[in-house]
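Engineer: sequence plus predicted model, see below.
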Amino acid sequence: MGSLETTRTTEKPHAVLVPLPAQGHVNPLMRLAKLLHAKRFHRTLVNTEFNHKHLIRSKRPESVKRFHDFRFETIPDGMPPSDKDATQDVPQICNSVRKNCLVPFKEILIKLSSSFEVPLVSCVIFDEILSFTSKTNFCSKGASFRQSQGCIMIFLHNCSSILKNDFSFFCPDDDYLTDGTLDTPVDWICGMSNFNFPNIYAIGPLQLLARHVVPESQVNSLNSSLWKPNLKVFEWLDQRAPNSVVYVNYGSVTTMTDHHFREFAWGLATSRQQFLWIVRPDVVSGGELKVLEHLAVGTFFTHCGWNSMMETICAGVPVICWPFFANQQTNCHYSCEKWGIGMEIIHNVKRDEVAELVRKMIVGEKGEKMRFKAKEWKKKVEEATEVGGSSYINFDKFINEALHYKG
């Protein structure tokens with residue numbers, strides 16, 4: 001028994017990944033799981049029962065059981081029964097899992113620790129919203145995973161002081177965005193010499209990093225979409241001219257009124273430009289990044305969720321922004337005012353404004369300039385994620401320093 005346990009515990013490190021049960025939070029942790037595969041980790045991804053049923057329905061049941069070193073576990077989310085095709089309300093699901101999932105999560109860790117079919121759990125990587133996962137004592141290593149731009153963390157920490165004291169930002173220009181300042185580790189602040197800061201590893205965009213880190217294998221084919229893809233969109237796009245199509249996708253949780261829907265629809269129609277509009281609830285386009293990378297796509301109508309922003313930057317496509325909630329307004333501001341790749345639609349949507357912005361972006365000079373700028377940002381993220389780039393190096397540091405594994 002002793003030798004068997006030694007074999008099990010030393011064979012591979014074992015990471016348990018716990019995403020918030022929403023499509024935009026499951027996707028990044030699934031990508032991280034694929035990256036950990038390249039570092040010889042055994043991985044367990046913990047889904048809610050509701051989302052796991054969605055995952056199985058969108059694929060063949062055997063597709064989530066075929067990997068010997070990648071498994072799924074499920075926990076109840078504490079929500080009342082709902083339509084099997086529904087998207088759960090994000091604030092409600094956040095509140096429910098924080099209240100109800102600690103005990104089921106501990107039971108999963110106990111189950112994994114007592115099974116000789118898998119290595120002992122060596123680390124837990126959890127969505128930052130699911131802080132309850134850090135209240136377990138089954139392993140000493142853990143990491144909080146955040147999928148948003150860094151300035152959001154600074155703002156959340158300091159917003160009360162900023163509002164109270166009416167501080168003004170002191171940077172005279174935007175050189176700090178590109179001069180290497182953001183890559184400088186912060187390990188000391190005046191007056192706080194005895195304070196230990198946790199390490200922060202900027203490892204994105206994960207979808208590009210995976211292309212350089214993850215070898216071709218079955219695990220690359222495992223998609224985390226909770227919805228069944230419609231691959232016919234590529235046949236339609238193949239027949240369109242370069243930069244001629246408006247891609248419209250407001251994500252998996254954004255809601256709009258009938259008024260908004262009509263105004264967007266009439267605006268797109270009267271612009272006389274070609275468009276591909278993904279209308280929820282139960283169909284996705286076959287992979288947002290693949291659509292954005294298609295030569296026919298000239299702009300992206302988006303809610304400015306961080307996953308969508310990362311994908312449009314990876315593809316080098318400018319955006320027309322209609323932010324909905326959370327960090328989306330901040331992402332919109334940076335896209336339009338800092339990065340030079342976006343135009344914003346006011347919240348009270350008007351069809352004439354929609355049509356005007358679409359024409360500007362597809363056939364106007366301003367849209368052409370934004371496409372050029374978007375290609376510049378694409379080059380930056382490609383350089384960051386290729387071998388020797390900042391994200392590539394940071395991912396190795398994360399494995400070695402945070403998870404204490406020399407893969």
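Structural biologist: Yep, that arrived. Residues are numbered from 1 along each chain as shown.
Engineer: now residue 274, nearest residue through space, not along the chain?
Structural biologist: The shortest distance from residue 274 to any non-neighbouring residue, by CB to CB, 6 or more residues apart in numbering, is to residue 245 (4.9 Å). No exception for glycine: its C-beta is placed from N, CA and C like everyone else's.
Engineer: also residue 331?
Structural biologist: Residue 331 sits nearest to residue 304 (CB to CB, 6+ apart), 4.2 Å away.
Engineer: number of nearby residues for the one you found?
Structural biologist: Neighbourhood size, residue 304 [other CB atoms under 10 Å]: 30.
Engineer: can you classify it by secondary structure?
Structural biologist: Of the three states, residue 304 takes coil under DSSP: H, G, I helix; E, B strand; the rest coil.
Engineer: how close does it sit to residue 91?
Structural biologist: Relative to residue 91, residue 304 is positioned 18 Å away (CB to CB, to the nearest Å).
Engineer: now swap in residue 296 and tell me
Structural biologist: When distance is defined by CB to CB, residue 296 is 37 Å away from residue 91.
Engineer: now residue 324
Structural biologist: Residue 324 is 13 Å from residue 91, by CB to CB.
Engineer: out of the two, which sits in the more crowded spot?
Structural biologist: residue 324 (18 against 10).
Engineer: quick one: residues contacting the more buried one.
Structural biologist: The neighbours of residue 324, taking CB atoms under 8 Å, 6 or more residues apart in numbering as the test, are 250, 251, 254, 255, 303, 304.
Engineer: give me the buried entries from the residues you listed.
Structural biologist: 250, 251, 254, 303, 304 (16 or more other CB atoms under 10 Å).
Engineer: tell me the SS of residue 261?
Structural biologist: Classification of residue 261 by three-state DSSP places it in helix.
Engineer: picking up where we left off before, and the buried ones among the contacts of residue 324, which is closest to residue 56?
Structural biologist: Set against residue 56, the nearest of the buried ones among the contacts of residue 324 by CB to CB is residue 251 (22.2 Å).
Engineer: report the buried residues of the longest helix anywhere in the chain.
Structural biologist: The residue-count maximum for a helix in the chain (DSSP state H) belongs to helix 365-385. Across helix 365-385, burial judged by 16+ other CB under 10 Å covers 367, 368, 370, 371, 373, 374, 377, 378, 381, 382, 384, 385.
Engineer: spit out the contact partners of the closest residue in space to residue 318 that isn't next to it in sequence.
Structural biologist: Excluding the flanking residues, the one nearest residue 318 by CB to CB, 6+ apart is residue 370, at 3.8 Å. By CB under 8 Å, 6+ apart, residue 370 lies in contact with 318, 340, 341, 342, 343, 361.
Engineer: please repeat the previous calculation with a cut-off of 7 Å.
Structural biologist: For residue 370, the contact set (CB atoms under 7 Å, 6 or more residues apart in numbering) comprises 318, 340, 341.
Engineer: and the gap between the closest residue to the second one other than its chain neighbours and residue 313?
Structural biologist: Take residue 340 and drop its neighbours on the chain: the residue closest to it by CB to CB, 6+ apart is residue 373, 4.5 Å away. Taking CB to CB as the measure, residue 373 falls 11 Å from residue 313.
Engineer: how about residue 233?
Structural biologist: According to CB to CB, residue 233 stands 21 Å off from residue 313.
Engineer: more neighbours, the two?
Structural biologist: Set side by side, residue 233 and residue 313 show more neighbours around residue 313, with 23 against 20, by other CB under 10 Å.
Engineer: what's near enough to touch that one?
Structural biologist: Residues in contact with residue 313 (CB under 7 Å, 6+ apart) are 377, 378, 381.
Engineer: and the host helix or strand of it, how far out from the chain's middle?
Structural biologist: Here residue 313, judged by DSSP states H and E, is contained in helix 306-315. Distance of helix 306-315 from the chain centroid (CA atoms, centre = their mean, to the nearest Å) equals 9 Å.
Engineer: point out where the stretch 51-200 of the chain drops to low pLDDT.
Structural biologist: 58-66, 83-87, 140, 151-197 (pLDDT under 70).
Engineer: which parts of it are strands?
Structural biologist: For the stretch 51-200 of the chain, applying DSSP state E, counting those that start in this stretch gives strands covering 70-75, 123-127, 142-145.
Engineer: mind listing what's buried in the last one?
Structural biologist: Which is strand 142-145. For strand 142-145, burial by neighbour count (16+ other CB under 10 Å) applies to 142, 143, 144, 145.
Engineer: before we move on, back to that, where does the residue nearest to residue 340 land on pLDDT?
Structural biologist: On pLDDT, residue 373 comes in at 98.
Engineer: residue 357 too?
Structural biologist: 97.
Engineer: how near is the closest residue to residue 288 other than its chain neighbours to residue 289?
Structural biologist: Closest residue to residue 288 apart from its sequence neighbours, by CB to CB, 6+ apart: residue 311 at 5.4 Å. Counting by CB to CB, the separation of residue 311 from residue 289 is 5 Å.
Engineer: which one's more surrounded, these two?
Structural biologist: residue 311 (25 against 16).
Engineer: which ones are touching the more buried one?
Structural biologist: Shown in contact with residue 311 (CB under 7 Å, 6+ apart): 207, 288, 289, 292.
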